[in-house]
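Visitor: Here is my input; please provide its structure:
(chains A and B)
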Protein chains: 2
Amino acid sequence: MSYLKERILKDGVIFPNSVLKIDSFLNQQIDPKVMEEIGREFYDHFKAEGVTKILTIEASGIAPAIILASHLRVPMLFAKKAKGAPLKGDEVYETKVHSYTKGTTSRVCVSKQYLEEKDRVLIIDDFLANGEASLGLVDLVYQAGGQVVGVGICVEKSFQPGRRRLEEAGIAVYSLVRIKEINSDSQEILFEKGH
Amino acid sequence: MSYLKERILKDGVIFPNSVLKIDSFLNQQIDPKVMEEIGREFYDHFKAEGVTKILTIEASGIAPAIILASHLRVPMLFAKKAKGAPLKGDEVYETKVHSYTKGTTSRVCVSKQYLEEKDRVLIIDDFLANGEASLGLVDLVYQAGGQVVGVGICVEKSFQPGRRRLEEAGIAVYSLVRIKEINSDSQEILFEKGH
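Guide: A predicted model of the protein is given here:
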């Protein structure tokens, strides 16, 4: 069993409506041992893909993305949630990302100078649920005319439509852990076979 | 000359009012080679200090903080900018951080469960200018009853009062690069001796 899965079973906190909180080691407090494992597994999977850039979204995607970037020796870029009007003279690609948990829609952007037509971009994020963030990042890459090599996810909730939506858009999804079911009543987590 | 300093001289963009933009390698697009150097230098300086936790603030502090955390083998924690009212049941330490560049004041918080009285906390951030973010993080550690081992900064603008304010509060500051002057007219950057 992977160390990430072990930590999910040991320290994950289950709330009503299949909400799983794993911010004691993945996305507020971060265990560097978990990150090392994540970086190695992504590296093994994507090392032959000719990745030129890693793209993620602030804030919780940054840690796994930079660890992987140091393995792949390519730059890492994080999209920002835009606040207020765009800064004057700031040339950005911008897209919209809806959060089902928060019920809000954010504008997300990256500087145009850091995404290029020649880029082969690997998108990394901590969670995949409805796929909104990943689809938004794909849109940013496409606006720049670049290619998306794939999407690498630390923890996928496979009972939500994120993977299907990405695959329907022709994007390969690679998740380190795939959760089939979170039972808030029995406090159980079931994983997909082999994940 | 350090690689970070080289990159500042090569790729830093100077705007009016001594504004230096280095987001092509430090805080939007991130060069993993810069991060490796930063991680190693912080590690060499702080390895004997008995650090139990690294604290930073989202988003641009996360990359150097997690790289250092993997060297020191301690958890990394990032404070979040609070949006809206605190979530019900979320027990957080909270403080206020003023941004002179944006002219706004943000509420910044961390979960109480991740900062403890026994913690010896090293604060890491990308930039030090007025010291507002670092002083806010120090306040969060003190609220938890913990100790601050020091503040580690990638790029310090030593012509601004951040270092003085932190030192007056009894906090040791260690900066990898110290910029003495940014001349927006002549487009020159002067460094402090030895930095």
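Visitor: Export the helix or strand A:Arg40 falls within to CSV, keeping only CA atoms.
Guide: Per DSSP states H and E, A:Arg40 falls inside helix A:32-46. Below are the C-alpha coordinates for helix A:32-46, written out as CSV (Å, rounded to 0.1, in the frame of the first residue of the first chain):
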residue,chain,number,x,y,z
PRO,A,32,7.5,16.0,2.9
LYS,A,33,7.6,12.2,2.9
VAL,A,34,4.2,12.1,1.2
MET,A,35,5.4,14.7,-1.3
GLU,A,36,8.6,12.7,-2.1
GLU,A,37,6.5,9.6,-2.9
ILE,A,38,4.1,11.7,-5.0
GLY,A,39,7.0,13.3,-6.9
ARG,A,40,8.6,9.9,-7.6
GLU,A,41,5.4,8.2,-8.8
PHE,A,42,4.5,11.1,-11.1
TYR,A,43,8.1,11.2,-12.4
ASP,A,44,8.1,7.4,-13.2
HIS,A,45,4.8,7.8,-15.1
PHE,A,46,5.6,11.0,-17.1
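Visitor: Any part of it near chain B?
Guide: Yes. Shown here: helix A:32-46 in contact with chain B (C-beta under 8 Å from any C-beta of the partner chain) through A:32-33, A:35-36. C-beta coordinates here come from the backbone N, C-alpha and C atoms, glycine included.
Visitor: And for stretch A:138-154?
Guide: No. Residues of stretch A:138-154 are not located near chain B by C-beta under 8 Å from any C-beta, the shortest gap being 12.7 Å.
Visitor: Show me where chain A has its strands.
Guide: Using DSSP state E, the strands of chain A run over residues A:13-15, A:19-21, A:29-30, A:53-57, A:76-81, A:92-99, A:104-111, A:120-128, A:147-157, A:173-183, A:188-191.
Visitor: thinking again about what came up before, list the buried ones in the helix holding A:Arg40?
Guide: Of the residues in helix A:32-46, A:32-35, A:37-39, A:41-43, A:46 count as buried by neighbour count, 16 or more other C-beta atoms under 10 Å in any protein chain shown.
Visitor: what is the orientation angle of it with strand B:53-57?
Guide: When axes from the mean of the first three to the mean of the last three C-alpha atoms, to 10 degrees is applied, the directions of helix A:32-46 and strand B:53-57 differ by 70 degrees.
Visitor: Show me what from chain A comes close to chain B.
Guide: Within chain A, the positions near chain B by C-beta under 8 Å from any C-beta are A:23-25, A:28-33, A:35-36, A:58-59, A:62-63, A:66-67, A:69-70, A:73-78, A:80, A:110-111, A:113-114.
Visitor: Give me the buried subset of the residues you listed.
Guide: In the residues of chain A next to chain B, the ones that pass as buried (16+ other C-beta under 10 Å) are A:23-25, A:28-33, A:35, A:58-59, A:62-63, A:66-67, A:69-70, A:74-78, A:80, A:110-111, A:114.
Visitor: related to what we said a few turns ago, would you check which pair of the residues of helix A:32-46 next to chain B lies furthest apart?
Guide: Using C-beta to C-beta, the two most remote members of the residues of helix A:32-46 next to chain B are A:Lys33 and A:Met35, lying 7.3 Å apart.
Visitor: Hmm, A:Ala65 is touching A:Ile57, no?
Guide: No. If you go by C-beta atoms under 8 Å, A:Ala65 and A:Ile57 don't touch, sitting 9.2 Å apart.
Visitor: show me what contacts A:Gly131?
Guide: If a contact means C-beta atoms under 8 Å, 6 or more residues apart in numbering or on different chains, then A:Gly131 has A:160-163, A:165-166 as its contacts.
Visitor: Show me what the most centrally placed residue in chain A is bridged to.
Guide: By C-alpha atoms, centre = their mean, chain A has its centre lying nearest to A:Asp125, at 1.3 Å. For A:Asp125, the beta-bridge assignment (DSSP bridges) gives partners A:Ile153.
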